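[1] below is the structure, and that's it, no one-letter string:
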């Protein structure tokens, strides 16, 4: 297939699937609802574009940031390929896409090139996300908007959050959207009436805020200073390959450790009624840890020891501090990162250090990572 036609085909298809998903998030209903909830129509599809257009726009800025700098350095690079992924036909929540990527068919030649190509994507998307979030928080609709989605909240007025949640949302999609330092900044400085700020369980109904949140989520995901993620390229470019290959696995192991905090099931061999069930669950979790870290060392037994050490410390902390929790959702990302994407970086032909200007931009990208990152993005 012609590269331009393929780009346009998957772009349009992903725009459609994210629009379908956006309408579902905004209304709290699915297109195929199996006889439950409101039936969605064409008007809801157009409303869904309030989510899809800015979200896909930010994703496109991110990928073309990479693309244009790769072209600048005459690298053989593909146009962005968008991945549609809509699950509404199963009445399951989704955002309509698994993202987009470009593929480098030739290796970059220097640390400077790795840096420029790596940093251009997340910073391009971040700038656009800033504008979207500022607009979203400074133009929050009145509470009647939320009450039109959840009429049962109206009787509580602006204090609805005190009454309608009992540790879980009572709305259709039982998901709480997390927060970040940047979103907290906008809540404080861009909102005139704090009572209009949606609860985390309701933020997905506000397309500009939800699209902005997802933009920050994917930006922080890409800026992790691990392997060949954008943040990994930045770390390699600033510190060199030797330092990168020391720091990257340390951050990765810490990430895996945090993700699994609170997951092991403490066992009482004498009185535990669910002994075998807990043993199997712990064994499965240990295997997941091992597969995730199986390429940290070249020696398999070193990786086995590492997995046992991570699990053992998590287990002890669970016994001592039962309420201590990480975020199990990160385990999937850690598994993909450790097993498939890799945590080390290949060498470049030109290993000369970066200019001071690029080092400053690298520090800025670290700040962007910190203010975009949400420890528990989805609850």
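    Perfect, thanks for sending it. Bear in mind the structure is a predicted one, so any value in this text is a computation, not a measurement.

[2] residue 259 reaches residue 334, doesn't it?
    Yes: if you go by Cβ atoms under 8 Å, residue 259 and residue 334 touch, sitting 5.6 Å apart. No exception for glycine: its C-beta is placed from N, CA and C like everyone else's.

[3] who touches the helix or strand harbouring residue 357?
    For residue 357, the enclosing helix or strand under DSSP states H and E is helix 356-372. Outside helix 356-372, the residues that touch it by Cβ atoms under 8 Å, 6 or more residues apart in numbering are 112, 115-116, 119, 122-123, 126, 180-182, 185, 216-217, 219-220, 223-225, 231, 234, 237-238, 354.

[4] the same query, at a cut-off of 7 Å, please.
    Helix 356-372 is touched from outside by 112, 115, 119, 122-123, 126, 180-182, 216, 219-220, 223, 231, 234, 238, with contacts defined as Cβ atoms under 7 Å, 6 or more residues apart in numbering.

[5] which of these lies closest to residue 106?
    Taking Cβ to Cβ as the measure, residue 106 lies nearest residue 112 of the contacts of helix 356-372, at 16.1 Å.

[6] isn't the closest one right up against residue 349?
    No: assessed by Cβ atoms under 7 Å, residue 112 is found out of contact with residue 349, at 11.4 Å.

[7] within the helices and strands, which one has residue 82?
    strand 81-85.

[8] low pLDDT regions in the protein?
    Residues of the chain meeting the criterion pLDDT under 70: 34-37, 166-173, 268-275.

[9] biggest helix in it by residues?
    Ranked by residue count, the top helix of the chain under DSSP state H comes out as helix 42-72.

[10] buried stuff in that one?
    For helix 42-72, a neighbour-count test (16 or more other Cβ atoms under 10 Å) marks 44-45, 47-67, 69-70 as buried.

[11] neighbour count winner among residue 112 and residue 349?
    Taking other Cβ atoms under 10 Å, residue 112 and residue 349 do not tie; residue 112 has more neighbours (18 against 10).

[12] and the gap between that one and residue 365?
    Residue 112 sits 15 Å away from residue 365, going by Cβ to Cβ, to the nearest Å.

[13] again, but for residue 128
    The gap separating residue 128 from residue 365 is 16 Å, by Cβ to Cβ.

[14] between these two, which is the more surrounded one?
    residue 365 (24 against 18).

[15] any idea how far that one is from residue 133?
    For residue 365 relative to residue 133 (Cβ to Cβ), the value is 18 Å.

[16] and for residue 116?
    26 Å.

[17] could you do residue 65 as well?
    Residue 65 sits 18 Å away from residue 133, going by Cβ to Cβ.

[18] kindly report the same for residue 127.
    As judged by Cβ to Cβ, residue 127 and residue 133 stand 11 Å apart.

[19] one more: residue 105?
    Separation of residue 105 from residue 133 (Cβ to Cβ): 35 Å.

[20] more neighbours, those two?
    Each of residue 105 and residue 133 has its neighbours counted (other Cβ under 10 Å); residue 133 has more, 24 against 10.

[21] host element of the residue lying closest to that one once chain neighbours are set aside?
    Closest residue to residue 133 apart from its sequence neighbours, by Cβ to Cβ, 6 or more residues apart in numbering: residue 212 at 3.9 Å. Residue 212 belongs to helix 207-222 when assigned by DSSP H and E.

[22] and the helix or strand following that helix, what does it pack against?
    Downstream of helix 207-222, the first helix or strand assigned by DSSP H and E is helix 230-239. Applying 3 or more Cβ pairs under 7 Å, 6 or more residues apart in numbering; DSSP states H and E, we find helix 230-239 packed against helix 111-138, helix 241-259, helix 356-372.

[23] could you check how many residues crowd around residue 263?
    A count of neighbours around residue 263, defined by other Cβ under 10 Å, yields 20.

[24] for it, which three-state class applies?
    Here residue 263 is recorded as coil under DSSP: H, G, I helix; E, B strand; the rest coil.

[25] isn't it up against residue 285?
    Yes: using Cβ under 7 Å, residue 263 is in contact with residue 285, at 5.7 Å.

[26] was I right about residue 100 contacting residue 80?
    Yes: judged on Cβ under 7 Å, residue 100 makes contact with residue 80 at a distance of 4.7 Å.

[27] what residues are shared contacts of the two?
    Here residue 100 and residue 80 share the contacting residues residue 63, scored by Cβ under 7 Å, 6+ apart.

[28] how many neighbours does residue 306 have?
    Counted by other Cβ under 10 Å, the residues lying close to residue 306 total 20.

[29] phi, psi of it?
    With angles defined as degrees, to the nearest 10, residue 306 sits at phi -60, psi -50.

[30] not counting its neighbours along the chain, what's nearest it?
    Closest residue in space to residue 306, ignoring its immediate chain neighbours: residue 293 at 5.2 Å, by Cβ to Cβ, 6+ apart.

[31] so what's that neighbour up against?
    Going by Cβ under 7 Å, 6+ apart, residue 293 touches 253, 256, 303, 306-307, 338.

[32] distance of it relative to residue 302?
    Using Cβ to Cβ, one gets 10 Å for the distance from residue 293 to residue 302.
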